[in-house]
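J.: Provide a 3D model corresponding to the input given below.
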Amino acid sequence: MQWSLILLFLMAQCCFMDCQLYQFHYINENKTWTEAQQYCREKHTDLVTVTNMKDMKRLINISAGSKNRAWIGLHYQTHGTRTWYWSLPGVEFDVSETNWMSGEPTDKHRNEISGNCGFLFKSFTWADESCHHVEFFLCYDETDRNQKYHLIEDKKTWQKAQIYCRENHTDMISGTKQIQDARSANVLNSVGNKTHIHFGLFRDAWKWSDGSSFSFRYWHKDNVILIKENKTWEDALNYCRDHHHDLVTITNMDDQRWIQEKVKEASTDHVWMGLRYTCTLDFWFWVSDEVVRYKNWALDGQMDDCDMSGAMETRGKHQWFKRNDDEMLNFICSKK
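T.: Modelled structure (predicted):
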């Protein structure tokens, strides 16, 4: 079972972990994140801080027998300070050693939960863009004698590139020392006309509960997909179940933030979700059998009526609206 930080935030209530003197303890109780944080601080030290892949593997081993997802100490500050980090833990970002292209960073994607990420030009100048853009990327290997650099000519989002580098090499290329290394320069010069290359620079507003500034993130590979085909709600449901897992379920604000970034690329004004109204029992429900606790209805968006299902607007505030089942809309599927 592969854990990832984003999965740990998808449910409103789940089991959680904490640490004491760098010891991890699995607490098999269901609590909200705030309750879990309070428990850990009262009985141990704090919710767990994950500093590197070694910690990540320890968590995987500890939780191997559990089917539940668990809280960790990483939380998103909606109005918090957004900080630049290097992907490689232990490499500190030094603002005096940046090499931004004129006019950069533009910070156009400041509202994305995934933050904004850096890419290199062949001139070795930097710029920022959405972490959802797909580009070639640079990895490196750390050995006892030297470092090796690799251009991966397979376009991925920044988060997927990071996961690839960590699973197949050491990490994404990080820090000005590595960027200025003549060996990495030779690799970058081999890209031909490909000018945008992901490297290990990112900025976000996620913070660890204990106040530490560790840059380690291990986000889940995107587990939702936007289908830019127009279908009725029922046809969309069948499509998702035949080709992926199900129509998407949204259980909390973090789900909402991730999915609303996806729907911006839709070709319809609304997209179907797995939210359905039953006339017989007179309530809304998720087709995944989740209870509708978190809600994001527009003021005039929810009208209980037969043959209605829930859809998210693709522009504006990305609120939810009831739509007739027969409308032809794009839709969001969850993946297995």
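J.: contact partners for the closest residue to L120 other than its chain neighbours?
T.: Excluding the flanking residues, the one nearest L120 by CB to CB, 6 or more residues apart in numbering is I197, at 4.7 Å. C-beta here means a position set from N, CA and C on the backbone, and glycine is covered the same way. With contacts defined as CB atoms under 8 Å, 6 or more residues apart in numbering, I197 is in contact with F119, L120, F121, E135, F136, F137, L138, L151, L188, V191.
J.: so D154: helix, strand or coil?
T.: Assigned by DSSP: H, G, I helix; E, B strand; the rest coil, the conformation of D154 is strand.
J.: what are the phi and psi values for the residue nearest to L120?
T.: Here is the backbone geometry of I197 (degrees, to the nearest 10): phi -130, psi 120.
J.: confidence score at it?
T.: I197 is assigned a predicted lDDT (pLDDT) of 89.
J.: how far away is it from S102?
T.: I197 sits 19 Å away from S102, taking CB to CB, to the nearest Å as the criterion.
J.: ok, now K317?
T.: 34 Å.
J.: which residues are in contact with the spatially closest residue to K207 that is not a sequence neighbour?
T.: Excluding its sequence neighbours, the residue lying closest to K207 (CB to CB, 6+ apart) is Q77, at 5.7 Å. By CB under 8 Å, 6+ apart, the residues touching Q77 are A205, W206, K207.
J.: quick one: the helices in the protein?
T.: Ranges of helices in the chain, per DSSP state H, are 33-43, 53-62, 158-168, 176-179, 182-188, 233-243, 253-263.
J.: now these in a markdown table, with distance to N296 and mean neighbour count?
T.: Compiled in a markdown table, these are given as follows (distance: least, CB to CB, whole Å; neighbours: other CB atoms under 10 Å):
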| stretch | distance to N296 | mean neighbour count |
| --- | --- | --- |
| helix 33-43 | 19 | 16 |
| helix 53-62 | 31 | 15 |
| helix 158-168 | 24 | 20 |
| helix 176-179 | 41 | 17 |
| helix 182-188 | 43 | 15 |
| helix 233-243 | 18 | 17 |
| helix 253-263 | 6 | 20 |
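J.: related to what we said a few turns ago, and the pLDDT for the residue nearest to K207?
T.: At Q77, the model reports a pLDDT of 75.
J.: among the contacts of I197, which one has the most neighbours?
T.: Per-residue neighbour counts (other CB atoms under 10 Å) across the contacts of I197 peak at F137, which has 28 neighbours.
J.: who has more neighbours, K317 and S102?
T.: Between K317 and S102, counted using other CB under 10 Å, K317 has the larger neighbour count: 9 against 6.
J.: that one: what's it in contact with?
T.: A298.
J.: look up how far M273 lies from it.
T.: 15 Å.
J.: what's the answer for T106, then?
T.: According to CB to CB, T106 stands 32 Å off from M273.
J.: and those two? Which one has more around it.
T.: Shown here are T106 and M273; by other CB under 10 Å, M273 has more neighbours (23 against 13).
J.: how about the strands in the stretch 101-250 of the chain?
T.: Using DSSP state E, counting those that start in this stretch, the strands of the stretch 101-250 of the chain run over residues 116-120, 126-130, 135-142, 147-156, 171-172, 197-204, 206-208, 224-231, 246-247.
J.: which one of those lies nearest to W71?
T.: Taking CB to CB, strand 206-208 is the member of these nearest to W71, at 12.4 Å.
J.: strands paired with the closest one, and their directions?
T.: If you go by DSSP bridges, strand 206-208 pairs up with strand 74-76 (antiparallel).
J.: dump the strands of the stretch 101-250 of the chain to a markdown table, plus distance to Q37.
T.: Listed next are the strands of the stretch 101-250 of the chain as a markdown table, based on distance: least, CB to CB, whole Å:
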| stretch | distance to Q37 |
| --- | --- |
| strand 116-120 | 27 |
| strand 126-130 | 30 |
| strand 135-142 | 34 |
| strand 147-156 | 33 |
| strand 171-172 | 29 |
| strand 197-204 | 19 |
| strand 206-208 | 11 |
| strand 224-231 | 27 |
| strand 246-247 | 31 |
